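[1] below is the structure, and that's it, no one-letter string:
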């Protein structure tokens, strides 16, 4: 896909009047439209956001960082636009009139796998996020009760992978703490 096609798809995505519980992303020259998440999905997203916020609170190295979800992330080099469930990035990135933040600023993304389209998180985003050079990508799968931590992107792939089961504490590479998953429900 070239820049002209990406800009055309971006214009289409931005002009769509999709219901508020839908997300629109761009990957590999395709618009990807996703339906609103389930309650279990949102429960896990909320818990992860809270726990990551608690983990970085009071740590000088994480001062000025936001833990947020629902904002588009743009990789202008690889022409990819995604909308992670949770991401960590400099809070100042939100001071913009744009409807996206730069992928280069992200420190971590989390996707909670949906029941309707698990391939998007396990395949397409596992392909896109290391290309976007996002240091850590957590795949939380309530269907299986697992969490996979992907890290160390190199040459468009993650070179490190660690798997955990719901109930285990999950260390976040480079963050200096782990998040508890003891209360995560499954689908």
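    Arrived safely, thanks for sending. As the structure is a computational prediction, the values presented were derived from the model and not from experiment.
[2] the helices in this structure, which residues?
    3-15, 39-56, 118-119, 125-131 (DSSP state H).
[3] closest to residue 178 out of the ones you listed?
    Smallest distance to residue 178 across those (Cβ to Cβ): 8.1 Å, for helix 39-56. C-betas here are computed from N, CA, C, even on glycine.
[4] go through the closest one and flag the buried ones.
    Judged by neighbour count using 16 or more other Cβ atoms under 10 Å, the buried positions of helix 39-56 are 41, 43, 44, 45, 47, 48, 49, 51, 52, 55, 56.
[5] which among these gets closest to residue 29?
    Nearest member of the buried residues of helix 39-56 to residue 29, counting by Cβ to Cβ, is residue 41, at 27.1 Å.
[6] how much space between the closest one and residue 145?
    14 Å (Cβ to Cβ, to the nearest Å).
[7] I would like the residues contacting stretch 164-183, please.
    Contacting residues not belonging to stretch 164-183 are listed as 47-48, 51-52, 55-56, 59, 62, 107-108, 135-136, 138, 142, 145-149, 151-152, 160, 162, 184, 186 [Cβ atoms under 8 Å, 6 or more residues apart in numbering].
[8] now stretch 29-41: mean pLDDT?
    In this model, stretch 29-41 carries a mean pLDDT of 78.
[9] pLDDT below threshold where in this protein?
    Within the chain, the segments meeting pLDDT under 70 span 17-22, 34-36.
[10] kindly recompute the last result at 80.
    1, 7-25, 27-29, 31-37 (pLDDT under 80).
[11] please enumerate the strands of it.
    For the chain, the strands defined by DSSP state E occupy 23-27, 30-34, 65-68, 72-75, 80-82, 86-90, 100-102, 108-112, 136-141, 146-154, 157-165, 170-171, 178-179.
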